[in-house]
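Chemist: pasting a predicted model and its sequence here:
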Amino acid sequence: MNNNAFSSASRREVQLTPQVISGAVPEGLHGVVFINSACGTVNTDGMPYPPNYPDGSSCQEYGSPLINGDGMLYRIDFSESGKVAVRNGLLRPPCYYADLATSERVNPGNPWADLKFNNLGLARISMKLGTRNELNTAITPVRFKNEGAHRLLATFDAGRPFEFDPEKLELITAIGRNTIWNSGLPPFLKQPLAMVLTTAHPVFDPDTEELFTVNFTKTDEQMMKATHIFDVLFHDMDWLAAEFKKLIGALEGKSQEEKVKHTAAFLDKVHLRSPKKNPTWLHKIWNWIKHQFSNWFYSHITNKNEVKVLRWQGKTELDEWTITDENGDPIAIDYNMHQIGLSKDYLVLCDTNFKFTLDVMVNFPFQNEPVIDRFIRELLGGAMNDFSHLYLVKRSDLKPGGGNVWASKTKLPLETVHFSVDYENPNGQITIHTAHNCSACPAEWLRSYDQPATGGSVQIDPQKVGLISVGEMDIGKIGRVVVDGNTGVVNEEQTRFLHLTGEKDGAVTEAHTWAVGLYTYRDMLSPDYNVPRIEHVYWQSYGLREDCLTQYIYNLYKDPKRNRTFSAEEMLSYTRMGARYVLQCVETAGLTSIDHYTFAQDQYFWSLQFVPYQSARLGVPDSKNGCILTTVITGTAQASGDMTYTRELWLFDANNLAAGPVCRMAHPDLVFGFTIHSVWVAEAGTVPTPGYVLPVREDYDAMIAQMPTSDNLRARTQDLFDQKVYPYFEPPKS
């Protein structure tokens, strides 16, 4: 593995003390930071995903988004004042071992190779077993007062959360039995590894000791269009590739309407080529699409629109409620529920603008056929809405026993993926601190064949293939939205949106909001303390780079009818001007940027986390009394013209970002890739085994028992789990 590539991520588990490059670790910091990230698949020695393996064979994962990989947790310990200790651990849920056992790369000649998993865009899927729960996105801490210990959950948008031991960095148990979670795929797909659509950000209330999360389903009409292609994908790939090339050549210069019409005819041709004996589930979906579906089909073939709120209180079983609109109908989610939030009296649910649909979930796996991939992406892709919907649920309505619960609906005038909520909601007024990636698509990623929208001599950097959030077609914004929890009406007088171009003397050198990213604040996600009113928020902005705004994204989001601040042509001009990564502090009362730091041209910072001091500092408010920890990738140009990249940890004084990092640290064995969400807790020792641990065999046997018996699939799956999965979760037989 190349440790110095832009997307390098090691799967090696290490324990180290990072070396101080400049400055010093401040005295008085305390606690432990956990950062989640992705680090490649069982087939690769981490990342980057190469086009070919050393033996010359093709790497199926090449071109995948960097966030599609196994979860690697980093534990950064400030327990000893003035020092930092780092450890990491690869998260291995049961599906990891199924992936390992079926891999032809790891286990050539294994009897389950036809059940193997493939990276198909944002998801890693086995057509027969289901979807990997990669647990690579975020961490949620909880603490039940009768135990005392902090418990930590690793989370993922397409899988139920798992608790892990904060000291050993090993999984303890899933939260909620497999059978209570509804699959996001059609009901007839009885797979042992269901695709569970949930939130990567469940929320815990330390006052009431309740964790809330969601499980939602959507109708499959849009998600499943054209998927019967995959019936023949693994049977005759050469034929399919050749036929696709003929189609693409014949459609050159045709309108989108003509492309769709001719592609539909082509899909009929593909359908006729599909295996007729024991049709696959994708073949069944094709039959569903071709016929007028009825209520019976809605009950048995396609999923329904539904959102369930789940409540966990440290027991084996979870409480659940179905959320409805004012007419009593289940609410529908267009994209995803990546984030939810809570205040003292309300749950805040959001249909976030992070699409989890066919065009990004299933990236056509001809990694060596860019012409085909480009055609499929342009045919299926679509721009997201320029707004988001919030659903506000009264917590007092969540009565024991479940049932239907009404939610008031609010339309935000801008699209959002992330937000936080003040715990206090006086007179039912909920204050929500929002991040807005305007006319952007954080679920898209750079492809090897992409071209920059700005033209000229700039090209896509091959080292950045797979990078998400590729470019922005309007300026990002930071918001403070105040909404009445009972009516859903936005309080316009108190609602504000901030955008900053950062221009000075013809260049972007000041604080800006180009491509707003992650954020942090003191006691964010604290399992011990609810923040009554968030006073200072530390924001990340990705900036603007010509090699990250593609022609594809430009075409998707250039529509002048979108709710936008700058036109598409103005965005090209700003992108040519460029903007670097920025870390800034925003005071929420006036929604004002009061402090910032601008990174160098070839420095990329991914995650950020507030780490508090144990003691107060004279003249420094509690909300700024700490350091901001960031993960940074620094590029250095070589004599050959190539770039090499090193990984570093930086600490900023939260009360003086402009002074730059007070400490920079690195280590040759600290090789993290695209790190994502993080959390800080005051203590993180080994936890006692809880009483709600689910027996893995019982949990997954219940799913295997639902599988069809055709083609001996159920028996083979049982054999796979008995031999290659369960032994890792059970004591050895004497």
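Modeler: Now that the structure is in, tell me what you want to look at. Numbers count the residues shown, from 1 in each chain.
Chemist: pLDDT at residue 233, what is it?
Modeler: Note for residue 233: predicted pLDDT of 41.
Chemist: sorry, wrong one. I was asking about residue 411.
Modeler: Confidence score, pLDDT, at residue 411: 95.
Chemist: which stretches of the stretch 101-250 of the chain form helices?
Modeler: Using DSSP state H, counting those that start in this stretch, the helices of the stretch 101-250 of the chain run over 229-233, 237-250.
Chemist: which stretch in the ones you listed has the least confidence?
Modeler: Among the helices of the stretch 101-250 of the chain, helix 229-233 has the lowest mean pLDDT, at a mean of 40.
Chemist: assumed residue 569 was part of a helix.
Modeler: Yes - with DSSP: H, G, I helix; E, B strand; the rest coil as the criterion, residue 569 is part of a helix.
Chemist: and for it, the neighbour number?
Modeler: 9 (other C-beta atoms under 10 Å). Every residue, glycine included, has its C-beta placed from N, CA and C.
Chemist: also the one 4 residues further on?
Modeler: Using other C-beta under 10 Å, residue 573 is surrounded by 11 other residues.
Chemist: rounded mean pLDDT for whichever helix or strand it is part of, please.
Modeler: Per DSSP states H and E: residue 573 is located in helix 568-577. In this model, helix 568-577 has a mean pLDDT of 96.
Chemist: again, but for stretch 449-464
Modeler: Average pLDDT, stretch 449-464: 90.
Chemist: give the buried residues for stretch 243-260.
Modeler: 243-244, 247-248, 251, 259 (16 or more other C-beta atoms under 10 Å).
Chemist: out of those residues, which is nearest to residue 90?
Modeler: The shortest approach to residue 90 among these belongs to residue 244, at 36.8 Å (C-beta to C-beta).
Chemist: what are the bridge partners for the nearest residue in space to residue 34 that is not next to it in sequence, then?
Modeler: Leaving aside its sequence neighbours, residue 34 sits nearest to residue 139 (C-beta to C-beta, 6 or more residues apart in numbering; 4.9 Å). Per DSSP bridges, the residues bridged to residue 139 are residue 154.
Chemist: wait, what's in contact with residue 139?
Modeler: Residue 139 makes contact with 34, 36, 73, 152-155, 677-679, according to C-beta atoms under 8 Å, 6 or more residues apart in numbering.
Chemist: among those, which are in strands?
Modeler: Among these, DSSP state E puts 34, 36, 73, 152-155, 677-679 in strands.
Chemist: can you give me the helices in the stretch 351-500 of the chain?
Modeler: 358-361, 370-380.
Chemist: which of those has the lowest mean pLDDT?
Modeler: Across the helices of the stretch 351-500 of the chain, the lowest-scoring stretch is helix 358-361, with a mean of 56.
Chemist: what's the per-residue pLDDT of the residue positioned nearest the centre of the chain here?
Modeler: By C-alpha atoms, centre = their mean, the mean C-alpha position of the chain lies nearest to residue 137, the distance being 5.3 Å. Note for residue 137: predicted pLDDT of 97.
Chemist: next one: residue 3
Modeler: In this model, residue 3 is scored at 82, pLDDT.
Chemist: same check, this time on residue 182
Modeler: As predicted, residue 182 sits at a pLDDT of 92.
Chemist: who's the residue lying closest to residue 407 once chain neighbours are set aside bridged to?
Modeler: Closest residue in space to residue 407, ignoring its immediate chain neighbours: residue 391 at 4.0 Å, by C-beta to C-beta, 6+ apart. For residue 391, the beta-bridge partners under DSSP bridges are residue 349, residue 409.
Chemist: what residue ranges in the stretch 101-250 of the chain score low on pLDDT?
Modeler: Where the stretch 101-250 of the chain drops to pLDDT under 70, the residues are 187-188, 219-240.
Chemist: any chance you could map the helices in the stretch 601-734 of the chain?
Modeler: Under the criterion DSSP H, counting those that start in this stretch, the stretch 601-734 of the chain contains helices at 696-704, 713-724.
Chemist: what's the angle from the last one to helix 696-704?
Modeler: For helix 713-724 against helix 696-704, the angle by axes from the mean of the first three to the mean of the last three C-alpha atoms, to 10 degrees is 170 degrees.
Chemist: is it fair to say residue 559 lies in a strand?
Modeler: No - under three-state DSSP, residue 559 falls outside any strand and is assigned coil.
Chemist: residues touching it, list them.
Modeler: Contact analysis of residue 559 by C-beta under 8 Å, 6+ apart lists residue 383.
Chemist: ok, residue 467 next?
Modeler: Residue 467 sits next to 6-7, 65-66, 445-446, 548, 674 when contact means C-beta under 8 Å, 6+ apart.
Chemist: how near is residue 605 to residue 88?
Modeler: 19 Å (C-beta to C-beta, to the nearest Å).
Chemist: cool, residue 316 as well?
Modeler: When C-beta to C-beta is applied, the distance between residue 316 and residue 88 equals 30 Å.
Chemist: and what of residue 162?
Modeler: Noted for residue 162: a distance of 17 Å to residue 88, by C-beta to C-beta.
Chemist: now swap in residue 131 and tell me
Modeler: Between residue 131 and residue 88 the computed distance is 25 Å (C-beta to C-beta).
Chemist: kindly check the end-to-end length of stretch 205-218 for me.
Modeler: Length of stretch 205-218, first residue to last, C-alpha to C-alpha, to the nearest Å: 28 Å.
Chemist: about what we covered before: quick one: which of the ones in strands among the contacts of residue 139 is nearest to residue 642?
Modeler: For the ones in strands among the contacts of residue 139, the nearest to residue 642 is residue 36 (29.7 Å; C-beta to C-beta).
Chemist: name whatever forms a beta bridge with the closest one.
Modeler: For residue 36, the beta-bridge partners are residue 73 (DSSP bridges).
Chemist: burial measure for it, as a count.
Modeler: Residue 36: 24 surrounding residues under other C-beta under 10 Å.
Chemist: what do you get for the one 5 residues further on?
Modeler: The burial count assigned to residue 41 is 29, neighbours taken as other C-beta under 10 Å.
Chemist: count the neighbours of the residue lying closest to residue 337 once chain neighbours are set aside for me.
Modeler: In space, and not counting its chain neighbours, residue 337 is closest to residue 199: 4.8 Å by C-beta to C-beta, 6+ apart. Using other C-beta under 10 Å, residue 199 is surrounded by 27 other residues.
Chemist: many thanks, have a good one.
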